[in-house]
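Peer 1: Everything below, folded, please.
(chains A and B)
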There are 2 protein chains.
Amino acid sequence: MSLETVSTTRSHGGTQGVYTHRSAQTGTDMTFSVFVPDHAEGAKLPVLWYLSGLTCTHANVTEKGEFREACARHGIIFVAPDTSPRGEDVPDEDTYDFGKGAGFYVDATQEPWKANFRMRSYIESELPALIGEAFPADMARQAITGHSMGGHGALTIGLRNPERFRSISAFSPIVSPLACPWGEKALTGYIGADRTDWREYDACALIADGARAPHLLVDQGTADGFLEEQLKTQLLDEACEAAGMPATIRMQEGYDHSYYFISTFLGEHVAWHAAHLSA
Amino acid sequence: MSLETVSTTRSHGGTQGVYTHRSAQTGTDMTFSVFVPDHAEGAKLPVLWYLSGLTCTHANVTEKGEFREACARHGIIFVAPDTSPRGEDVPDEDTYDFGKGAGFYVDATQEPWKANFRMRSYIESELPALIGEAFPADMARQAITGHSMGGHGALTIGLRNPERFRSISAFSPIVSPLACPWGEKALTGYIGADRTDWREYDACALIADGARAPHLLVDQGTADGFLEEQLKTQLLDEACEAAGMPATIRMQEGYDHSYYFISTFLGEHVAWHAAHLSA
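Peer 2: From the prediction side, this is the model:
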């Protein structure tokens, strides 16, 4: 696994890097960003994963997320992967919510997607191995967060891997792909028509089926135009209550779906994860 | 003076707005952004101006500057204007450092620039009148900062207007257009060949000629690729020392010219200005 450095830039008392590598899972080159706070020689730092939303790459949160100050203060490595495979040979559709930029953190089983669209295995297996090898990361201490489609990714990957992630948070997540147009389109296309196969990609269904998060924090803006039709935060609230799983789900008055919202609370999420990662 | 709202978005406990208006100075529509922290009904808040660098619009600092948390905490309105007139009728050259995106905060005297390129009067007169009218701004309490070409703008506009600005700061400023290629090209084009006419647009010359800043703070990255040829921070150091004017000029180890640098220290600048604005 060889890593190519695209850029490293000093910021907030640490190093913001952008890297590419050849992914065996997606069969493409993949780009991601990593922020590493200054630390003692030989020290290993806990890792917070951030999964991005539809249309995004690693760059959106890296430029607009306002996470570095908190990561530097708490000594946390911040990893931001891309949202799908990229490249001319990768199949695509002429739409923002399926194909490139819309991997939905699944391993596709359907043609023509299944060869490249393996973002689940990329995030669950391939990229963590690379991060553990190439950065001063303590892989025994990981947490995960994300936004919108990436909030769905954080919730489902987190819930399926409770031994790996000490805490899970999300901004404006798609909480139930089974119950919204974005999810129905994506999972039909990537996974097929049988909805029983979708349940491992649906946070509410995972909880109903017995998955548990050790610690869960969700922020959702009340002025988010996708709330009613796509995000449906109350379904997660109901799933947690039905399962008796503690969760902090906050409706943030007047905030929308943008990075103006995420950047307001991401530093607080970093601090919340830090408390669980240092315990 | 009528103002059109392009967007308002809740962020960090305040409102991030983008606005356009017809400018009498530039003869064009002009776009700018304003962040207003939540405040008591009827209260007026001090104003921090941020002038942007070459190729930028209001959007760069608005998206990447990481200033809102500090502005909300200290109760400061943050105004980010564009860097030049825009539009198909505005003359331009096919270069990044002259014409559109490169107004250099001067009132041009040369053809074909003088009709539109009046960013000095726009920032010194027209826009403050509009801000004072349309926002809950206490125009008796103003401060100014900026980056690169906008650091030059903040220094020169601040030094020429000590009664208006209680404090001046800058990131990676062009400290002497008389002594660098960017400055020589811009001032020759906008102001003409007579260098005596340039002195009011040169921070070092203004200080040598008697201008004084009540409080001055400058941050400059040591890994900034423009430092040696264009920015020449040491000339400002020498001008302040020769004039006996106190100034805090900090070389920040390893930082470059980007918003990864600015965002690291802009919150600290906001707090520094806040101390002077509240006095």
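
Peer 1: how deep is the closest residue to A:Leu266 other than its chain neighbours tucked in, by neighbour count?
Peer 2: Nearest residue to A:Leu266 in three dimensions, chain neighbours excluded: A:Phe67, at 4.9 Å (C-beta to C-beta, 6 or more residues apart in numbering or on different chains). (Each C-beta comes from the backbone N, C-alpha and C, glycine too.) As a burial measure, A:Phe67 scores 25 neighbours (other C-beta atoms under 10 Å in any protein chain shown).

Peer 1: and the stretch 151-279 of chain A, which of its residues are near chain B?
Peer 2: Within the stretch 151-279 of chain A, the positions near chain B by C-beta under 8 Å from any C-beta of the partner chain are A:221, A:223, A:254-256, A:258-261, A:263-264, A:267.

Peer 1: and the two most separated of the residues you listed?
Peer 2: Between any two of those, the greatest separation by C-beta to C-beta is 20.7 Å, found for A:Ala223 and A:Gly267.

Peer 1: on that earlier part again, looking at it, the residue nearest to A:Leu266 is touching A:Pro37, isn't it?
Peer 2: No: proximity of A:Phe67 to A:Pro37 does not meet the contact threshold set by C-beta atoms under 8 Å, at 11.0 Å.

Peer 1: Chain A: helices as residue ranges?
Peer 2: A:58-64, A:68-74, A:119-121, A:127-134, A:149-160, A:181-191, A:203-208, A:233-243, A:259-277 (DSSP state H).

Peer 1: For the second one, name the packing helices and strands.
Peer 2: Helices and strands touching helix A:68-74, as assessed by 3 or more C-beta pairs under 8 Å, 6 or more residues apart in numbering or on different chains; DSSP states H and E, comprise strand A:14-22, strand A:29-37, strand A:77-81, helix A:259-277, helix B:259-277.

Peer 1: CA-only coordinates of it in CSV, if you can.
Peer 2: Extracted in CSV, the C-alpha atoms of helix A:68-74 (Å, rounded to 0.1, in the frame of the first residue of the first chain):
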residue,chain,number,x,y,z
ARG,A,68,-8.6,21.8,13.4
GLU,A,69,-8.5,24.0,16.4
ALA,A,70,-10.4,21.4,18.5
CYS,A,71,-8.4,18.5,17.1
ALA,A,72,-5.2,20.3,17.9
ARG,A,73,-6.4,21.1,21.4
HIS,A,74,-7.5,17.5,22.1
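
Peer 1: What residue in the stretch 151-279 of chain A comes nearest to chain B?
Peer 2: Of the residues in the stretch 151-279 of chain A, the one nearest chain B is A:Tyr260, at a distance of 3.8 Å by C-beta to the nearest C-beta.

Peer 1: who's in contact with the residue of the stretch 1-150 of chain A found nearest chain B?
Peer 2: Closest approach of the stretch 1-150 of chain A to chain B (C-beta to the nearest C-beta) occurs at A:Ser11, with a separation of 3.8 Å. Contacts for A:Ser11 (C-beta atoms under 8 Å, 6 or more residues apart in numbering or on different chains) come out as A:35, A:68, B:255, B:260-261, B:263-264.

Peer 1: Just send the residues of the stretch 151-279 of chain A next to chain B back as CSV, with pLDDT and neighbour count too.
Peer 2: Conversion of those to CSV gives the following (pLDDT from 0 to 100; neighbours: other C-beta atoms under 10 Å in any protein chain shown):
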residue, pLDDT, neighbour count
A:Gly221, 98, 27
A:Ala223, 98, 14
A:Gly254, 98, 13
A:Tyr255, 98, 23
A:Asp256, 98, 20
A:Ser258, 98, 19
A:Tyr259, 98, 23
A:Tyr260, 98, 23
A:Phe261, 98, 25
A:Ser263, 98, 22
A:Thr264, 98, 23
A:Gly267, 98, 21
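
Peer 1: any idea which of these is closest to A:Val18?
Peer 2: So of those, ranked by how close each gets to A:Val18 (C-beta to C-beta), first place is A:Tyr259, at 17.8 Å.
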